[in-house]
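Novice: the amino acid sequence is not available; the structure is as follows:
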């Protein structure tokens, strides 16, 4: 039986499953560990003014004439004609800049929830503690939305979801088998996270692009204390 004294926490393992969840009045935590949300957190923690996440390349190019840095990727590679790609190291060099960003999975996940969730925030291992503390203060139901890979489940986002669920276990009522699965999965691999994820599909996909340093960076815990939040289509620090 649901404990009415606590808000609820559930996990959506792919954006394609968002349609089965009522997001009304809830906080959606978007996670794309390799690499979009990790990159967003890093950029905003290092002085990026704001980020506009968009679904497609054409929308991003529209903002270039307004002085925005165009950033993002398709299939792990920088979009042709863009200023920068999806590496956290590139974004950390954009102090005081405005960025418009589109990615294969992360910005699509934001697009899937932004018109229905009450709040949209950005999560990553690099701001796990900050996200945990923020959510504890909100007293609202939350849904952790994993960006996955082109609509499919992936390991790294689901493991983050499990880690966050465990951090919030005493303050939220868990719902759904996804939460049970993700939390137990994280518990079983947390001491060897990088070693395990080197066998994952997306790690191997990006490894072929030569960005292993990006992925190692994306698995570092609590590097930053900012929580990006979507306000009027702008990602800013809360």
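Specialist: Received, thanks. Values in this document were obtained by computation on a predicted structure and should not be read as measured data.
Novice: contact partners for the residue nearest the centre of the chain?
Specialist: The centre of the chain sits closest to residue 31, judged by Cα atoms, centre = their mean, with a distance of 2.3 Å. For residue 31, the contacting residues are 37, 122, 123, 124, 144, 145, 146, 147, 157, 160, 161, by Cβ atoms under 8 Å, 6 or more residues apart in numbering. Yep, even glycine has a C-beta here, placed from its N, CA and C like the rest.
Novice: what about 6 Å?
Specialist: Applying Cβ atoms under 6 Å, 6 or more residues apart in numbering to residue 31 gives the contacts 37, 123, 146, 157, 160.
Novice: return the member of these nearest to residue 65.
Specialist: Of all the contacts of residue 31, residue 37 has the smallest distance to residue 65: 27.0 Å, by Cβ to Cβ.
Novice: any idea how far the closest one lies from residue 219?
Specialist: As judged by Cβ to Cβ, to the nearest Å, residue 37 and residue 219 stand 13 Å apart.
Novice: more neighbours: these two, which one.
Specialist: Neighbour totals were compared for residue 37 and residue 219, and residue 37 leads with 33 against 19 (other Cβ atoms under 10 Å).
Novice: confidence score at that one?
Specialist: At residue 37, the predicted lDDT confidence score is 98.
Novice: in what helix or strand does it lie?
Specialist: Using DSSP states H and E, residue 37 sits in helix 36-45.
Novice: next helix or strand past that helix?
Specialist: Using DSSP H and E, the helix or strand that directly follows helix 36-45 along the chain is strand 50-53.
Novice: elements contacting that following strand?
Specialist: Where contact means 3 or more Cβ pairs under 6 Å, 6 or more residues apart in numbering; DSSP states H and E, strand 50-53 is packed against strand 98-102, strand 234-237.
Novice: which positions in the helix or strand that it is followed by come out as buried?
Specialist: Next helix or strand after strand 50-53 toward the C-terminus (DSSP H and E): helix 57-64. In terms of neighbour count (16 or more other Cβ atoms under 10 Å), helix 57-64 has its buried residues at 57, 60, 61, 63.
Novice: what helices or strands is helix 57-64 leaning on?
Specialist: Counting by 3+ Cβ pairs under 6 Å, 6+ apart, helix 57-64 packs on strand 98-102.
Novice: what's the average pLDDT for the strand it packs on?
Specialist: On average, strand 98-102 scores 98.
Novice: how far off helix 36-45 does that strand point, in degrees?
Specialist: Angle between the axes of strand 98-102 and helix 36-45 is 180 degrees (criterion: axes from the mean of the first three to the mean of the last three Cα atoms, to 10 degrees).
Novice: and strand 98-102, how far out from the chain middle?
Specialist: Strand 98-102 sits 15 Å away from the centroid of its parent chain (Cα atoms, centre = their mean, to the nearest Å).
Novice: check what pLDDT residue 5 gets.
Specialist: 86.
Novice: let me know the secondary structure of it.
Specialist: What DSSP: H, G, I helix; E, B strand; the rest coil gives for residue 5 is coil.
Novice: burial measure for it, as a count.
Specialist: For residue 5, using other Cβ under 10 Å, the count is 6.
Novice: which ones are touching it?
Specialist: Taking Cβ under 6 Å, 6+ apart as the definition, residue 5 has no contacts.
Novice: measure it to residue 139 for me?
Specialist: For residue 5 relative to residue 139 (Cβ to Cβ), the value is 11 Å.
Novice: again with residue 48
Specialist: 29 Å.
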